[in-house]
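> here is my input; please provide its structure:
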Amino acid sequence: MLMEDMVRALPNLKKFADVTSFQFGNAGSGSYTMQQLYDLSLKVDKALETQDGIVVTTGTDTMEEIAYFLDLTVRSSKPVVVTGSMRPWTVIGSDAQANLFNAIKLAASGKTKYYGTVLMLNDEIHTAREVTKTNAYRTDTFESPQLGILGYIDENNIRIYRANSRALLTTDKWATPFDLTKIKSSDMPKVEIAYAYQDAGAGAITGFVQDGAKGIVTSGTGAGGVSKAMGEARTKAIKENGVIFVSTTRTGSGSNYASGDGIIAGDNLNAAHARILLELALSFSSDFNTIKGWFDTYGSGQVIIADR
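The predicted structure follows:
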């Protein structure tokens with residue numbers, strides 16, 4: 001279905017929102033390229049020049065990556081809400097109508113202004129940095145491991161119970177350095193993910209480097225461990241090719257503190273989120289310390305309250 005048809009089918013929508021729809025694409029979420037996400041982010045910002053909030057609908061397979069890309073790049077502090085559904089619009093028991101209705105309601109309320117991009121599914125509100133898909137079919141698939149949801153919607157009641165770190169920043173510090181109007185989509189480098197497992201070989205890292213990767217995220221065992229072969233390939237890629245690595249864990253939750261020459265700790269970002277941040281960072285700088293600083297600030301979800 002086209003977006004305008006879905007919006008038209010929602011009952012009583014005009015009670016709380018005047019909605020204008022725009023069809024950016026009509027493909028599975030995993031089919032969109034990083035260059036297309038670049039275009040999407042710019043269109044969102046353009047729309048927010050005249051609109052009070054934006055709802056972006058997409059498939060759920062890579063929804064968390066699309067949401068985090070928007071979270072890091074959209075310049076406006078107005079509400080951006082990403083939603084979708086686990087069941088098609090036309091099947092019995094579809095969650096599509098409720099998710100879209102609630103997402104529009106949330107964006108119209110203005111309650112997530114300064115929160116960056118959030119997800120609204122299954123009546124729950126998640127911050128883009130922390131949310132991840134945990135089940136291939138269930139409608140309650142999206143979770144924010146360890147840290148939990150921002151809030152939820154009960155019919156007409158929107159409840160926000162915690163703030164993410166960005167919501168607490170002053171306006172002059174709110175925006176990230178990743179202003180897409182300063183670069184071209186072709187400036188975005190190749191960044192890959194290498195998965196660690198028992199006796200993992202060097203082939204993934206070696207192949208990614210040969211294919212031109214400028215950054216690689218390792219999804220490591222435990223607190224970010226990799227096999228001996230992967231470790232040796234990583235060291236070689238750093239020393240000989242200047243590749244920047246980010247260390248994350250494959251466990252699904254937990255922080256990562258491992259760092260070293262050419263290696264940045266991914267905190268509690270999962271590998272998919274860390275890849276988005278690393279690709280954006282490398283689009284704006286090749287300096288290791290600068291990129292590490294961005295991971296320590298914009299990549300970290302820690303709340304820091306300054307002395308008053």
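
> now do the SS call for the nearest residue to residue 10 once chain neighbours are set aside.
Nearest residue to residue 10 in three dimensions, chain neighbours excluded: residue 101, at 5.2 Å (Cβ to Cβ, 6 or more residues apart in numbering). All C-beta spots, glycine's among them, are computed from the backbone N, C-alpha and C. Counting by DSSP: H, G, I helix; E, B strand; the rest coil, the backbone at residue 101 sits in helix.

> looking at it, residue 101 is touching residue 9, isn't it?
No: Residue 101 lies out of contact with residue 9 (Cβ atoms under 8 Å); the separation is 9.9 Å.

> what about these two, which has more around it?
For residue 101 versus residue 9, the count of surrounding residues by other Cβ atoms under 10 Å is larger for residue 101: 22 against 14.

> show me the helices in this structure, by range?
Counting by DSSP state H, the chain has helices at residues 3-9, 34-47, 63-73, 96-109, 171-174, 203-210, 228-241, 271-284, 288-297.

> lowest average confidence across those helices, which one?
Mean pLDDT is lowest for helix 171-174 out of these, coming in at a mean of 79.

> just the CA trace of it, in PDB.
Extracted in PDB, the C-alpha atoms of helix 171-174 (Å, rounded to 0.1, in the frame of the first residue of the first chain):
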ATOM      1  CA  THR A 171      20.600  23.500  22.500                       C
ATOM      2  CA  ASP A 172      24.100  24.500  21.400                       C
ATOM      3  CA  LYS A 173      25.400  21.100  22.200                       C
ATOM      4  CA  TRP A 174      22.500  19.000  21.000                       C
END
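
> next one: that helix to chain centre, how far?
Between the centre of helix 171-174 and the centre of its chain there are 20 Å (Cα atoms, centre = their mean, to the nearest Å).

> mind putting the helices of the chain into JSON lines with distance to residue 126?
As requested, the helices of the chain are exported to JSON lines (distance: least, Cβ to Cβ, whole Å):
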{"stretch": "helix 3-9", "distance to residue 126": "22"}
{"stretch": "helix 34-47", "distance to residue 126": "18"}
{"stretch": "helix 63-73", "distance to residue 126": "9"}
{"stretch": "helix 96-109", "distance to residue 126": "11"}
{"stretch": "helix 171-174", "distance to residue 126": "19"}
{"stretch": "helix 203-210", "distance to residue 126": "30"}
{"stretch": "helix 228-241", "distance to residue 126": "32"}
{"stretch": "helix 271-284", "distance to residue 126": "12"}
{"stretch": "helix 288-297", "distance to residue 126": "21"}
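
> quick one: closest of those helices to residue 254.
Of all the helices of the chain, helix 271-284 sits nearest to residue 254, with 12.6 Å by Cβ to Cβ.

> report the angle between the closest one and helix 288-297.
Helix 271-284 and helix 288-297 are oriented at 140 degrees to each other (axes from the mean of the first three to the mean of the last three Cα atoms, to 10 degrees).

> packing partners for helix 271-284?
For helix 271-284, the elements it packs on are helix 63-73, strand 191-195, strand 215-220, strand 244-249, helix 288-297, judged by 3 or more Cβ pairs under 8 Å, 6 or more residues apart in numbering; DSSP states H and E.

> ok, which of the helices of the chain comes nearest residue 193?
Comparing those against residue 193 with Cβ to Cβ, the closest turns out to be helix 271-284 (4.9 Å).
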